[in-house]
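A.B. asks: Have a look at this prediction, sequence included:
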Amino acid sequence: MNRHTATARAIEEAVRWRERRPASAPRPRPDKIFAADVFGQQAMHERLPKAVYKSLIRTIERREQLDMEVADAVATAMKDWAIENGATTFTHWFLPLTGSTAEKHESLIDLDGPGKVILQLSGSNLVQGEPDASSFPSGGLRATFEARGYTAWDPTSPAFILRGDHSAILCIPTAFVSWTGEALDKKTPLLRSIDALNEQAMRVLRFFGADEGVSRVLTTLGSEQEYFLLDRNTFFARPDLVSCGRTLFGARPPKGQQLADHYFGSIPQRVLAFMDDVEYELLRLGVPVKTRHNEVAPGQYEIAPIFEETNVACDHQMVLMETLARVAPRYGFRALLHEKPFLGINGSGKHNNWAMCTDTGTNLLDPRDETHTNMQFLVFLCAVIRAVDVHADLLRASVSSAGNDHRLGANEAPPAIMSVFLGDMLTDIIDQLESGTASRTIQGGAIDLGASTLPRIPRHSGDRNRTSPFAFTGNKFEFRAVGSTASVAWPNTIINTIVAESLDQMATDLEKAAGPKPTPAKLQTAVKKILRQVIKAHKRVIFNGDNYTDAWAEEAEKRGLPNLRSSVDAIPVLRSKKAADLFKKYKVLSKPELDSRVSIFSETYAKQVLIEADEMAVIGRTMILPAAMTHQGNIAEAVAATEGAGVDCESARAELEDYVELVNQFRASLDALVEASDFDHDLEAHPHAAATELRNEVIPRMEEVRMLADELEGRVANELWPLPTYREMLTIR
């Protein structure tokens, strides 16, 4: 399909949707379909014997060891429920280190004697599976010939039915480990980090005399997802989008996002129909969606879920991304999740809204009224501040990828310098504590809008900061640096672990300062002393200003904050002794498990860059260069014909000579890119060395090729240009 055919079909598709009647088949009320395809607590309560149900709930809510006899009963009930809902297969659904999900389908059908078919799922099949581990990334934990791996049922994340056009599959969320027991996935370390944070947070709560009803501290997560929608016709006419997820070529359109008229604008009819279908499917899967809207860039949108426990929220985030991708073709779209699909246009991220909460429902990051008197909140707040300062490099490493490097530091994403935004009210309390005793809390007051028909609305005590990578936003922290393609399990593993370490340190210091049986007065004195020490040592990471300015980069350097601009700089941080000691102490990752991730992340970075470089060379040589040469021939013929007619065309000849020079430069830059991409590093043996060379040698040549190609796009005749342009891709809805 050539560019003009693709564009014509895209316009035709968009018109068809605009003319279509907006009414659709009526659907049941949301409360009637929510979690209809989820084997959740309601289904378990209805189908399991009371003793089995109570035992399973203790495993889910109190993290008690699973009883294998319980597993047999659960498997039978889950199988019956799945069959009633149309499923004939099941899969252990897991999160390998590829960054996506994985599944190996098994039939529920078995034979019970000659010619007799039965449907069954045993407790052992529910609890454990055995997918081949040799072809998944392992970073040296497994050799190719060592194939055995295990999936282990995670009962804290409910099973669900994934529906296709002609299928229904029972998906059982699981962890994925090697035969040696080492984690080969992103769920296992996440669950370990949740346990680590719970243990240290409970120490702090016990210090403050927490309610005996509190048995566990969990983390909660609400992860906003940004994405682009592109007409499928233009998508498949762009080989770079098909193989790389982003455009390797493309001149900026005259009108992009300058007017900000797309942001929160009216949602196009076809897009709205897509969003409704996505939300319907997510409701059936128990993924509670709260918000949808147009984002800043043309063709960009956002969907945000309601907060859930972090482990479930991470699984649901993967389900959400897969649902976006699965539903989009029904409406003639392709969902683009890459962090930077279009140069010069806002990219996409995930805003990782993280908090700590007790199992009784108390948000430990809720400042409440008169915040300066809420010592427990201030301890948890300062623990987070300390964690970000001590482990800023790990936070940066947690969001490292080739795609996210294109986005971090641009106008829609925070820079690579990790800092904490607190706002006026909390910063004022922090300053008071550093100086002595906090005696006041700034109140927001109200805003008078000046019209008699408009109400006075309450003003928050502090503004927001959209440039901060780690911002306090009322009762949670928003980690804005996570990339749109990423699984949020890994960044939240890092956050949980570094906060657990800070809570451990602060709990130890508090217990030592207050003594074994502190009086209320001694407790208050100990808390104020420890808070003052933490603030003095770590306030350098607090910054409420504009994170995009050069002045902040200079100030951050003076403060000693790390600025790891590239993933190649950030990933090796995971191999440091500090990181190894941290993850080992809290039993989140062993040294080999951590080293494996350094290798995998570096190798993935290198392979992504190599794929892009190879694709760029192919498109440049087989599509752009031929179009450029055809245009050159047309200009040359016009000049020759004009001169042959005896008409002076000096300016046209000068234009031809200038254009020929541009084409020659483009050809030479392509040759240089191909040469730079052909290097000797063994990616598997030396992944970081390969990634470093690609960052230093290949990416600059890719940037040069793109700059020249984008200049050619502005000069080659429109009917000759082979790729759908930004103007076409971003505006056809």
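C.D. replies: Now that the structure is in, tell me what you want to look at. Residues are numbered from 1 along each chain as shown.
A.B. asks: And for the residue lying closest to residue 277 once chain neighbours are set aside, the neighbour number?
C.D. replies: Leaving aside its chain neighbours, residue 277 sits nearest to residue 327 (5.2 Å; criterion: Cβ to Cβ, 6 or more residues apart in numbering). Every C-beta, even on glycine, is put in place using the N, C-alpha and C of the backbone. Counted with other Cβ atoms under 10 Å, residues neighbouring residue 327 total 20.
A.B. asks: Could you check how far residue 327 is from residue 335?
C.D. replies: Separation of residue 327 from residue 335 (Cβ to Cβ, to the nearest Å): 8 Å.
A.B. asks: and the residue of the chain positioned farthest from its centre, what pLDDT?
C.D. replies: Relative to the centre of the chain, the most outlying C-alpha is that of residue 646, 64.2 Å out, by Cα atoms, centre = their mean. Residue 646 carries a pLDDT score of 85 in this model.
A.B. asks: Likewise for the one 10 residues further on?
C.D. replies: Residue 656 is assigned a predicted lDDT (pLDDT) of 93.
A.B. asks: okay but it is in contact with residue 639, surely?
C.D. replies: Yes - contact status for residue 656 versus residue 639: in contact at 5.4 Å, counting by Cβ atoms under 8 Å.
A.B. asks: Buried residues of the strand or helix carrying residue 206, list them for me.
C.D. replies: Here residue 206 sits within helix 187-207, counting by DSSP states H and E. Neighbour counts using 16 or more other Cβ atoms under 10 Å place 187-205, 207 of helix 187-207 among the buried residues.
A.B. asks: What distance do you get for the closest residue to residue 627 other than its chain neighbours to residue 113?
C.D. replies: Spatial nearest neighbour of residue 627, excluding adjacent residues (Cβ to Cβ, 6+ apart): residue 720 at 4.7 Å. For residue 720, the distance to residue 113 equals 70 Å [Cβ to Cβ].
A.B. asks: of these two, who's got more company?
C.D. replies: residue 720 (14 against 7).
A.B. asks: from what I can see the more buried one touches residue 630, true?
C.D. replies: Yes - using Cβ under 8 Å, residue 720 is in contact with residue 630, at 5.6 Å.
A.B. asks: So the nearest residue to residue 713 once chain neighbours are set aside, which state does it fall into?
C.D. replies: Nearest residue to residue 713, sequence neighbours excluded (Cβ to Cβ, 6+ apart): residue 251, at 4.4 Å. Secondary structure for residue 251, judged by DSSP: H, G, I helix; E, B strand; the rest coil, is coil.
A.B. asks: Also residue 703?
C.D. replies: Under three-state DSSP, residue 703 comes out as helix.
A.B. asks: Number of residues surrounding it?
C.D. replies: Neighbours of residue 703 (other Cβ under 10 Å): 13.
A.B. asks: Ok, residue 538 next?
C.D. replies: Counted with other Cβ under 10 Å, residue 538 comes out at 18.
A.B. asks: Am I right that it falls within a strand?
C.D. replies: No - counting by three-state DSSP, residue 538 is not found in a strand; it is helix.
A.B. asks: Tell me, how many residues neighbour the residue nearest to it when sequence neighbours are not counted?
C.D. replies: Ranked by Cβ to Cβ, 6+ apart and with sequence neighbours excluded, the top spatial neighbour of residue 538 is residue 389, at 4.0 Å. Residue 389 has 23 neighbouring residues, counting by other Cβ under 10 Å.
A.B. asks: do the same with the one 4 residues further on
C.D. replies: Burial of residue 393 is recorded as 20 neighbouring residues (other Cβ under 10 Å).
A.B. asks: Spatially, which residue comes closest to it, not counting chain neighbours?
C.D. replies: Take residue 393 and drop its neighbours on the chain: the residue closest to it by Cβ to Cβ, 6+ apart is residue 573, 4.3 Å away.
A.B. asks: for the one you found, phi and psi?
C.D. replies: Residue 573 has phi and psi values of phi -60, psi -30 when expressed as degrees, to the nearest 10.
A.B. asks: Next up, the contacts around it.
C.D. replies: 393-394, 396-397, 564, 579 (Cβ atoms under 8 Å, 6 or more residues apart in numbering).
A.B. asks: if you set the cut-off to 7 Å instead, what comes out?
C.D. replies: Counting by Cβ atoms under 7 Å, 6 or more residues apart in numbering, residue 573 touches 393-394, 397, 579.
A.B. asks: Under the pLDDT cut-off, which ranges of this protein? List them.
C.D. replies: Applying pLDDT under 70 to the chain flags the ranges 18-25, 142-146, 211, 409-412, 449, 457, 461-462, 680-681.
A.B. asks: OK, contacts around residue 557?
C.D. replies: Applying Cβ under 7 Å, 6+ apart to residue 557 gives the contacts residue 563.
A.B. asks: Any buried residues in the secondary structure element (helix or strand) that it belongs to, and which?
C.D. replies: Assigning secondary structure by DSSP H and E places residue 557 in helix 550-559. For helix 550-559, burial by neighbour count (16+ other Cβ under 10 Å) applies to 552-553, 555-556, 559.
A.B. asks: Now the element after that helix, going C-ward?
C.D. replies: Counting by DSSP H and E, what follows helix 550-559 is helix 567-570.
A.B. asks: about what we covered before: distance of the residue nearest to residue 627 relative to residue 236?
C.D. replies: 20 Å.
A.B. asks: Same check on residue 357?
C.D. replies: The value you get for residue 357 to residue 236, if Cβ to Cβ is used, is 45 Å.
A.B. asks: got it, and residue 218?
C.D. replies: For residue 218 relative to residue 236 (Cβ to Cβ), the value is 44 Å.
A.B. asks: hmm, back to that, return the residues in contact with the residue nearest to residue 713.
C.D. replies: 710, 713-714, 726.
A.B. asks: swap in residue 151?
C.D. replies: Contacts of residue 151 by Cβ under 7 Å, 6+ apart are 92, 94, 128-129, 131, 174-176.
A.B. asks: what do you get if the cut-off is 10 Å, keeping everything else the same?
C.D. replies: 91-94, 102-104, 127-131, 133, 172-177, 184-185, 187 (Cβ atoms under 10 Å, 6 or more residues apart in numbering).
A.B. asks: Could you pick out which of these are located in strands?
C.D. replies: Among the contacts of residue 151, the members found in strands (DSSP state E) are 91-93, 128-129, 172-177.
A.B. asks: The residue farthest from the centre of the chain should be in a strand, yeah?
C.D. replies: No - using three-state DSSP, the assignment for residue 646 is coil, not a strand.
A.B. asks: Buried among the contacts of residue 151? Make that a PyMOL selection.
C.D. replies: The buried residues among those can be selected in PyMOL (16+ other Cβ under 10 Å) with this line:
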select buried, resi 91+92+93+94+102+103+127+129+131+133+172+173+174+175+176+177+184+185+187
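A.B. asks: show me the contacts for the nearest residue to residue 112 once chain neighbours are set aside.
C.D. replies: Distance criterion Cβ to Cβ, 6+ apart; nearest residue to residue 112, sequence neighbours excluded, is residue 118 at 4.4 Å. Going by Cβ under 10 Å, 6+ apart, residue 118 touches 108-112.
A.B. asks: Most neighbours among these, which one?
C.D. replies: residue 108 leads those on contacts (other Cβ under 10 Å) with 17 neighbours.
A.B. asks: out of everything not next to it in sequence, what's closest to that residue?
C.D. replies: Closest residue to residue 108 apart from its sequence neighbours, by Cβ to Cβ, 6+ apart: residue 119 at 4.7 Å.
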